[in-house]
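K.L.:
Fold the following.
(chains A, B and C)
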Amino acid sequence: MPNIQFDADGRLKHFIGIEGLPHHLLFKILDTAQTFINPVDHTIQKVPILRGKTVFNLFFEPSTRTRTTFELAAKRLSADVVNFNMESSSNKKGESLTDLLHNLEAMYADLFVVRHHQSGAAYFIAQHLSPQTRLINAGDGQHEHPTQAMLDMYTIRHYKHDFVPLKVAIVGDIFHSRVARSQIYALSTLGVAEIRVICPKTLSPVGIESMGVKRYHDLTAGLKNVDVVIMLRLQYERMTSALLPSECEYFRCYGLTHKALEHAAKDAIVMHPGPINRGVEIASSVVDSPRAVILQQVSFGIAVRMAVMAMILGLYEQ
Amino acid sequence: MPNIQFDADGRLKHFIGIEGLPHHLLFKILDTAQTFINPVDHTIQKVPILRGKTVFNLFFEPSTRTRTTFELAAKRLSADVVNFNMESSSNKKGESLTDLLHNLEAMYADLFVVRHHQSGAAYFIAQHLSPQTRLINAGDGQHEHPTQAMLDMYTIRHYKHDFVPLKVAIVGDIFHSRVARSQIYALSTLGVAEIRVICPKTLSPVGIESMGVKRYHDLTAGLKNVDVVIMLRLQYERMTSALLPSECEYFRCYGLTHKALEHAAKDAIVMHPGPINRGVEIASSVVDSPRAVILQQVSFGIAVRMAVMAMILGLYEQ
Amino acid sequence: MPNIQFDADGRLKHFIGIEGLPHHLLFKILDTAQTFINPVDHTIQKVPILRGKTVFNLFFEPSTRTRTTFELAAKRLSADVVNFNMESSSNKKGESLTDLLHNLEAMYADLFVVRHHQSGAAYFIAQHLSPQTRLINAGDGQHEHPTQAMLDMYTIRHYKHDFVPLKVAIVGDIFHSRVARSQIYALSTLGVAEIRVICPKTLSPVGIESMGVKRYHDLTAGLKNVDVVIMLRLQYERMTSALLPSECEYFRCYGLTHKALEHAAKDAIVMHPGPINRGVEIASSVVDSPRAVILQQVSFGIAVRMAVMAMILGLYEQ
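P.N.:
This next block holds a predicted model:
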């Protein structure tokens, strides 16, 4: 990912991936997000920062939930939000994607939030935008999902305060996960002591060690003494494919139970990007235990998305 | 319905059903609704009462119209509204309903407006909410539809001023109607002189007399001297089932015509929750006559829903 | 189109068609639109002119793009907007269209934006509205699409300043085009020197000369010395019908290329209502040349729709 994310003055312009973003910028996003959360009751006030701005949600790959979090973040900033239905529009009418984008820009769109099933789609679209339009990648193929990674970093900082001494394990289908990729870049840049991935051999990416990551194929070995456990969602399409024997078998080997969690540090937290498959990648009792900070991730996600929106629209210090 | 509708201080917290709500609370809802309506031109101003609050419409049973009335009520109160598409989300991804609800709560949802095809669904959901989240039942199975009943009460008070001397007849498919149930509870609590139900024997609920209601199977006998006639919508699925011989036959026996209406009090009003089947449960000429106050019900409905929203979110005196 | 568009004082009340609208009113719309556009950076500020008003988009014929432009225009004026899904509602439940409309009016709808596949639908609906409700026709069958024509006039005035000396050519499927009809009425009323239509004989309307239009079946002859070239979109259903031999053949004869454009005036502008079929009715290189003002049309469209909304809701001088 080259510097298309930055403008000529080195300010963040698009938010496409964590790869290549400097340490101070990640911290600035976390700090900005924090200003939106009331420290006493943890609520988020509606603020007029993006009043008069227009945010388009362009979800080529449907995701009601993620789209809603961006919609809510934009509305909390007082922006107008349009959920543009990509399926009923665009290329059905023989129009090219870039023509559609330029049309939406001409409607005074200030920001596109883009999700796409193809890796690189967010980058491709950003390349074709006019100078005044901004883009946030809400997940592209198996490439990156940067706002998810940043809300995860927010959650880790909230509970652990300092990144440097931490051992973090990411568990599950690392191979297909844009979430894992973004998390690894973020954790790396923020300087955690150790990043581990724990996965079956069939779901293990080639050459991941070059990202400074330790690979484990045994859950309890991988969890040993970690401070943070990040579970990944097991996609249904994996379960039914040749990559995995069965749901049951997966849970037996890689499902997070209280027993497995005993190998982690005593105060380890458990994270998950949702939606959860209870009994597939994680035991129900772990989800419902105080170790799990899964719902807090969702709440922090609103603030983090507000921060990124405000920053790239130039309305916040970077 | 136990006291889950109330908080520890006896304040209304959820609005699930009319059953068990005290007289003074029903009046408070009506009085609060009245404050939103300009007495001169009957318009409703936009007010900032719910600014910064987020209302989620969760319609498991689709109803564009009812959902729109809640959306408009929330927007008049300056809330942000999310119409969450239940069909494209939730359990398709293997996630439980309660996990989905907790996720939406974590997005700072303040209020869920829930419609569901199963009786008791609103109650079930309310039981699983966090203490700070509120719920309004927008119709659950054959149980209750309390905001509909309250807008009906508002309409009756608007035209008749006092509930006590009134004779009210509800006509149609009493057996399957959540609207009728809620109306009977409300009319009972508000102390009307007489509640009658008029219906074919096949659509007559067992033991309804225990609710203090008189049952009629003959339309003209049932309408005799009533002050208010509430027609129910005949659902298509009833027409084609074994419960009714045919649309024509139903109209001949239970359709409200001007001739039938002559048996009611001279100044009787005619109500209907909509959408209307002209020529099935009600003659077109009655719908278009000044006796019908059906569109006024719709308008009052916006104010009543605003009142309930404002009250349960604790921003209005109860 | 009779005077249903005007109230008793001769003020514009509905915006159904350009036919019959006086010269000064068209200018007033253009002038009002201009006040919304910042002359320096061409942005449009959000203004509170329609705060508390409710706009319903009623699109019987789906069009995500056009609907979005009206949604954005309404939101820039601070109105509340409801995108009412006509397919999932209305006559499926056995309810008549007029009953549905009266229901939506009773929800305090101030303005309906209506698109319909049948010519005359907007007129029909306007006839059935209550005195306080307003309507904008967003395209009805092959009748009119008046806001499109007005944004085209805005674009022409922006680039050419004066209508009187202009020669304007409209190229394509004139026969089926509501856009062409509205444009011809507008150009006529605004007094351009010459209006030409250029089309295959199979897509040529009978008796169009009575509208004061010159007909051409040869592209280069028709483009000779024109100041404005308005291309029409070729609908897919035409391409596959007996009316046209093939896409390729159509492009060879009527597709706008740089070569064809050489016959027009040196500073001629090229317009298109979108979405564009590149290589069908217009060459890609023409779309991307500085002669094309197609995206500017989209931007001006927001301001023009704001102007019409503000004017017919009585909040702006006419």
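K.L.:
Give me the number of neighbouring residues for A:Arg215.
P.N.:
A:Arg215 has 15 neighbouring residues, counting by other CB atoms under 10 Å in any protein chain shown. (Glycine included, C-beta is placed from N, CA and C.)
K.L.:
And it, what's its pLDDT?
P.N.:
Per-residue pLDDT puts A:Arg215 at 96.
K.L.:
residue ranges of the strands in chain A, please?
P.N.:
For chain A, the strands defined by DSSP state E occupy A:54-59, A:80-84, A:111-116, A:134-140, A:167-171, A:194-198, A:214-216, A:228-231, A:269-271.
K.L.:
hmm, the second one in reach of chain C?
P.N.:
Going back to what we said before, that points to strand A:80-84. Yes: contact of strand A:80-84 with chain C (CB under 8 Å from any CB of the partner chain) involves A:Asp80, A:Val82, A:Phe84.
K.L.:
Tell me what angle that strand forms with strand A:54-59.
P.N.:
Between strand A:80-84 and strand A:54-59, the angle formed by their directions is 20 degrees, by axes from the mean of the first three to the mean of the last three CA atoms, to 10 degrees.
K.L.:
Over to the third one?
P.N.:
With the same axes, to 10 degrees defining the directions, strand A:111-116 sits at 0 degrees from strand A:54-59.
K.L.:
Can you pull up the most central residue in chain A?
P.N.:
Computing the C-alpha centroid of chain A and ranking residues by CA atoms, centre = their mean puts A:Gln148 first, at 1.6 Å.
K.L.:
Where does the prediction get shaky in the stretch 201-318 of chain A?
P.N.:
A:239 (pLDDT under 70).
K.L.:
cutoff 90 now
P.N.:
Along the stretch 201-318 of chain A, segments meeting pLDDT under 90 span A:202, A:204-208, A:211, A:235-250, A:314-318.
K.L.:
what does the stretch 51-200 of chain A give?
P.N.:
In the stretch 51-200 of chain A, residues with pLDDT under 90: A:61-62, A:85-96.
K.L.:
Mind doing that once more with 70?
P.N.:
In the stretch 51-200 of chain A (pLDDT under 70), the answer is A:88-93.
K.L.:
Can you show me the helices along it?
P.N.:
A:64-76, A:97-106, A:121-127, A:146-160, A:178-190 (DSSP state H, counting those that start in this stretch).
K.L.:
Output these as CSV; include the columns distance to chain B.
P.N.:
CSV is the format used below for the helices of the stretch 51-200 of chain A (distance: least, CB to the nearest CB, whole Å):
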stretch, distance to chain B
helix A:64-76, 4
helix A:97-106, 21
helix A:121-127, 21
helix A:146-160, 11
helix A:178-190, 15
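K.L.:
just the angle between the lengthiest helix in chain A and strand A:111-116, please?
P.N.:
Longest helix in chain A, counting residues (DSSP state H): helix A:294-312. Relative orientation of helix A:294-312 versus strand A:111-116 (the same axes, to 10 degrees): 130 degrees.
K.L.:
Please name every helix or strand in contact with helix A:294-312.
P.N.:
Counting contacts by 3 or more CB pairs under 8 Å, 6 or more residues apart in numbering or on different chains; DSSP states H and E, helix A:294-312 is packed against helix A:23-36, helix A:64-76, strand A:134-140, helix A:146-160, strand A:269-271, helix B:97-106.
K.L.:
The ones you listed: which one's closest to chain C?
P.N.:
Comparing these by their distance to chain C (CB to the nearest CB), the top pick is helix A:64-76, with 11.7 Å.
K.L.:
So which elements touch that closest one?
P.N.:
Judged by 3+ CB pairs under 8 Å, 6+ apart, helix A:64-76 is in contact with strand A:54-59, strand A:80-84, strand A:111-116, strand A:134-140, helix A:294-312, strand B:80-84.
K.L.:
what does the first one rub up against?
P.N.:
Strand A:54-59 is contacted from outside by A:66-67, A:70-71, A:74, A:79-84, A:86, A:104, A:107-115, A:138, A:309, C:72, C:75, using CB atoms under 8 Å, 6 or more residues apart in numbering or on different chains.
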